[in-house]
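Trainee: Any chance you can model this:
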Amino acid sequence: MVDVGSLGRESRQVTTEEAVGLRFEHRDTEIDVSLVDRVWRTRSDSAETMTSAARTCWQLILSRTQGRLHAGLRGPETRATTAPVPPDTEFLGVRFAFGAVLRPHPAASVVDGYVPFPVTESGRIVIGGEEWEAPTFENVEHFVRRLQDAGLLGRSPLGDGEQVTGRSGAGPTERTLQRRYRAVTGLSRTAVRQIDRANAAATMLRDGLDWHPVVETLGYFDQAHLARALRRYVGCTARELQADGFAAMSFLYKTHPGPGS
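Mentor: Model (predicted):
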């Protein structure tokens, strides 16, 4: 039985966004950024749908409807999808950093998928055979540290910076590194670059930039190339991204340089 206690009085910056009838709050954490990228929460009043962009990171999602708790792991997604939003539901999400691994459920096993976690009658989540008190928006850090201390959450090396060799026994080959990378992340390096680039483009457009600097900065061939990537990975056009209130999950597009979105 694992309990989650209250946190101290750490100061965190909370940002609020509203879109498609949902009011999102999201924040970073004081936990090592190599483990957790973002924490968010929202509440729905009526049934809606929303566009979920492709992503390279996995998330822990908790939802509570009419007092009943649901919890699960949403894996990396290789294209944009439309997700239903049930009414009168509270959501809490934790987006883990690229390369973070939850031992019972590596990202490679949940690509484009969702793994529900059992929830006990007392409202505890079962992960790795142990019962965990459900975290809140305020104490997610403690929950994450307990998972880390239990050896369930950590990082696996992606092979970046390792010297590639073609000789047997002299070091990893390029194929070995590719297999290791895909086993940890569930995606190829090419897929990660394409998804992260599209999310970075969505962030720049959402921030009001014109398509010209986006194409030039991110290395798209032209406007048409950018448009195709946005449709496939973000699920909308540049004009829609620039319209107020369209991108409900805009804070999750791209929050930092380097792999991961």
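Trainee: Val85 pairs with what?
Mentor: On the basis of DSSP bridges, Val85 is bridged to Glu48.
Trainee: what's it in contact with, if anything?
Mentor: Residues in contact with Val85 (C-beta atoms under 8 Å, 6 or more residues apart in numbering) are 20, 22, 44, 47-50. Where C-beta positions appear, they are placed from N, C-alpha and C, glycine not excepted.
Trainee: Got a PyMOL select line for the buried ones in these?
Mentor: A single PyMOL command suffices to select whichever of the contacts of Val85 are buried according to 16 or more other C-beta atoms under 10 Å:
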select buried, resi 22+44+48+50
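Trainee: Name the nearest of the contacts of Val85 relative to Glu133.
Mentor: Ser44 (24.1 Å; C-beta to C-beta).
Trainee: Give me the pLDDT for the closest one.
Mentor: Looking at Ser44, its pLDDT is 88.
Trainee: Any stretches of the chain with poor pLDDT?
Mentor: Low-confidence segments of the chain (pLDDT under 70): 1-21, 159-170, 244-253.
Trainee: Could you pull out the helices in it for me?
Mentor: With helices called from DSSP state H, the chain shows them at 140-149, 174-185, 189-206, 211-218, 223-229, 238-242.
Trainee: Dump the longest one to PDB, restricted to CA.
Mentor: What that stands for is helix 189-206. Taking C-alpha atoms only, helix 189-206 is exported to PDB below (Å, rounded to 0.1, in the frame of the first residue of the first chain):
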ATOM      1  CA  ARG A 189      14.000   8.700 -35.000                       C
ATOM      2  CA  THR A 190      12.500   9.900 -38.200                       C
ATOM      3  CA  ALA A 191       8.900   9.700 -36.800                       C
ATOM      4  CA  VAL A 192      10.100  11.600 -33.700                       C
ATOM      5  CA  ARG A 193      11.600  14.400 -35.800                       C
ATOM      6  CA  GLN A 194       8.500  14.700 -37.900                       C
ATOM      7  CA  ILE A 195       6.000  14.800 -35.000                       C
ATOM      8  CA  ASP A 196       8.100  17.100 -32.900                       C
ATOM      9  CA  ARG A 197       8.700  19.500 -35.900                       C
ATOM     10  CA  ALA A 198       4.900  19.700 -36.600                       C
ATOM     11  CA  ASN A 199       4.200  20.400 -32.900                       C
ATOM     12  CA  ALA A 200       6.900  23.100 -32.900                       C
ATOM     13  CA  ALA A 201       5.300  24.600 -36.000                       C
ATOM     14  CA  ALA A 202       1.900  24.500 -34.300                       C
ATOM     15  CA  THR A 203       3.400  26.300 -31.300                       C
ATOM     16  CA  MET A 204       4.900  29.000 -33.500                       C
ATOM     17  CA  LEU A 205       1.700  29.600 -35.500                       C
ATOM     18  CA  ARG A 206      -0.300  29.600 -32.300                       C
END
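Trainee: so how far is that helix off the chain centroid?
Mentor: In terms of C-alpha atoms, centre = their mean, to the nearest Å, the centre of helix 189-206 is set 13 Å apart from its chain centre.
Trainee: again with the shortest one
Mentor: Going by C-alpha atoms, centre = their mean, the spacing between the C-alpha centre of helix 238-242 and its chain's C-alpha centre is 22 Å.
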